[in-house]
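S.K.: quick one, fold the following:
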Amino acid sequence: MGLAARAADEAIASGARLGGDGQESRFVLELDKPVAFRVFTLADPYR
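M.R.: As a prediction, this is how the structure comes out:
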């Protein structure tokens, strides 16, 4: 199968938007299919 078959399984982004209200920021990515994800924090992120 190789790379071509794997690429066909990947989600495709059709849009993105960024917004906020001064307290929080929100990033929305519109995809054509569900994707697995996880949320985590970094103790000491590089800035």
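
S.K.: show me what R26 bridges to in the sheet.
M.R.: G19 (DSSP bridges).

S.K.: that one: neighbour count?
M.R.: Using other C-beta atoms under 10 Å, R26 has 9 neighbouring residues. C-betas here are computed from N, CA, C, even on glycine.

S.K.: try Q23
M.R.: Neighbours around Q23, by other C-beta under 10 Å: 5.

S.K.: kindly report the same for L31.
M.R.: Neighbour tally, L31, other C-beta under 10 Å: 13.

S.K.: cool, G20 as well?
M.R.: Neighbour count of G20, defined by other C-beta under 10 Å: 9.

S.K.: for it, give its distance to V28.
M.R.: The spacing between G20 and V28, counted by C-beta to C-beta, to the nearest Å, is 12 Å.

S.K.: quick one: which helix or strand includes the residue positioned nearest the centre of the chain?
M.R.: By C-alpha atoms, centre = their mean, the chain has its centre lying nearest to L29, at 6.0 Å. Per DSSP states H and E, L29 falls inside strand 25-31.

S.K.: what mean pLDDT does that strand have?
M.R.: The average pLDDT for strand 25-31 rounds to 95.

S.K.: sorry, back to before: please identify the helix or strand for the residue lying closest to the residue nearest to the centre of the chain once chain neighbours are set aside.
M.R.: Counting by C-beta to C-beta, 6 or more residues apart in numbering, L29 lies nearest to A16, which is 5.1 Å off, once chain neighbours are set aside. Following DSSP H and E, the helix or strand that holds A16 is strand 13-20.
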